[in-house]
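K.L.:
Just need the structure, nothing else, for what follows:
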Amino acid sequence: MGSRKYWIALNDTRGAGPVLLRALHDALVRLGITVTDAFDLTQGELERELGLTPSQASVVFQARTRLEAVEEEYFALLDAGVDIVLFFDESYPHRLETVLGSAMPPVLYCYGNKALLSTRGAAVLGEKKASEKGEMIAYLAAKELVSHFITVVSGFARGVDMIAHRSALENGGATIALLPCGFAHLSVPETLRDVYNPDGMLFVSPFEFRKEYSQFNAIRRNKIACALSRAVYIVEAPEEGGIFEAGKSAHSLGVPLYVTEYAEYPESAAGNPLLVKDHGATPVRGRMAGGVRAPNLDRLIGDVKFADEPERKGV
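P.N.:
Down below sits the predicted model:
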């Protein structure tokens with residue numbers, strides 16, 4: 001079975017989080033023992049031997065009650081071909097720890113090309129019911145990004161998300177889809193099946209295998225998408241809702257934020273000028289390219305390719 005089920009059990013235990021998991025991992029490395037060994041210790045030994053606080057030791061001790069359920073989940077993940085990437089793995093995108101600090105997801109479930117986690121990416125986000133112009137902008141934006149070898153990052157909803165993924169794949173690029181649920185609920189839609197390329201796409205979820213969609217999960221997913229990206233381009237955002245919150249998250253996390261500027265804003269983009277006015281977004285204007293009016297992403301591309309990483313916040 002290996003040690004991964006123990007980390008999943010810890011992550012799924014009430015009261016656990018990145019701070020506890022990091023403290024436990026550091027203690028295990030220091031002592032030269034495994035997480036499996038830690039599960040054999042009493043609560044008192046966890047405090048004395050590993051230096052955990054009483055509350056931390058209590059959570060680790062309680063995590064053993066999750067092992068049976070996690071074991072079933074673990075085999076379901078293996079059967080589905082899903083990889084488990086832990087926060088201390090070499091393949092884990094440590095940008096998430098740098099940007100999110102104690103809000104980082106300690107466990108990522110991945111299906112596809114894990115190497116994309118280490119590439120430079122930009123998020124392309126927008127409303128499910130985007131305007132016709134917004135849909136075209138999303139397609140052209142993703143096409144422009146992959147032409148500069150930038151990985152497109154987005155959610156996995158209808159509208160802008162799916163258009164961005166399709167454009168990236170259709171134009172020979174790479175894309176990462178952040179899920180708002182566990183992999184038990186993943187289904188690749190018809191709109192992607194004819195262009196799907198396992199080498200060019202990665203599905204990522206921070207949620208356990210059977211976790212269902214919720215609005216809260218979608219908002220958390222969007223925040224992770226922003227943190228994983230070196231810039232965020234919001235094609236269209238209403239005045240409230242998940243996409244507008246994603247723009248606020250990008251700003252608060254220090255990730256460069258861009259939004260489409262319209263001469264007349266459709267309802268699906270009514271939040272765009274507010275993101276510029278109140279949340280530091282840079283407006284993206286159009287320019288003629290190849291006979292069509294495409295978004296001018298030169299400044300965003302510069303941010304992605306040349307900007308330094310933000311300083312580590314720590315956990």
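
K.L.:
number of nearby residues for E132?
P.N.:
E132: 8 surrounding residues under other Cβ atoms under 10 Å. C-beta: built from backbone N, CA, C; applies to glycine.

K.L.:
gap between it and A138?
P.N.:
11 Å (Cβ to Cβ, to the nearest Å).

K.L.:
and if you look at Y92?
P.N.:
The value you get for Y92 to A138, if Cβ to Cβ is used, is 29 Å.

K.L.:
Comparing the two, which residue is more hemmed in?
P.N.:
Just comparing Y92 and A138: by other Cβ under 10 Å the higher neighbour count belongs to A138, 31 against 21.

K.L.:
just the helices in the stretch 201-315 of the chain please.
P.N.:
Ranges of helices within the stretch 201-315 of the chain are 215-228, 242-253, 272-279, 298-306, based on DSSP state H, counting those that start in this stretch.

K.L.:
how about those helices, which one is nearest N171?
P.N.:
helix 298-306 (15.0 Å; Cβ to Cβ).

K.L.:
Return the set of buried residues in that closest one.
P.N.:
By neighbour count on 16 or more other Cβ atoms under 10 Å, the buried set for helix 298-306 is 300-301, 303-304.

K.L.:
Also stretch 189-206?
P.N.:
Applying 16+ other Cβ under 10 Å to stretch 189-206 flags 192, 197, 200-206 as buried.

K.L.:
cool, and stretch 248-258?
P.N.:
248-251, 253, 255-258.

K.L.:
Could you export these as TSV, including distance to H148?
P.N.:
Formatted as TSV, these follow (distance: Cβ to Cβ, whole Å):
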residue	distance to H148
K248	27
S249	24
A250	20
H251	24
L253	23
V255	18
P256	15
L257	19
Y258	15
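
K.L.:
any low-confidence regions in the chain?
P.N.:
1-2, 290-291, 309-315 (pLDDT under 70).

K.L.:
Show me how the record splits it into domains.
P.N.:
4-79, 114-306 (automatic domain parsing).

K.L.:
helices or strands up against the top helix by length along the chain?
P.N.:
In terms of residue count, the longest helix belonging to the chain (DSSP state H) is helix 132-147. Using 3 or more Cβ pairs under 8 Å, 6 or more residues apart in numbering; DSSP states H and E as the contact test, the elements touching helix 132-147 are strand 121-125, strand 151-154, helix 160-170, strand 292-295, helix 298-306.

K.L.:
CSV for the ones you listed, including distance to V276?
P.N.:
Putting the helices and strands packed on helix 132-147 into CSV (distance: least, Cβ to Cβ, whole Å) gives the following:
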stretch, distance to V276
strand 121-125, 15
strand 151-154, 21
helix 160-170, 18
strand 292-295, 15
helix 298-306, 14
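
K.L.:
Thank you, goodbye.
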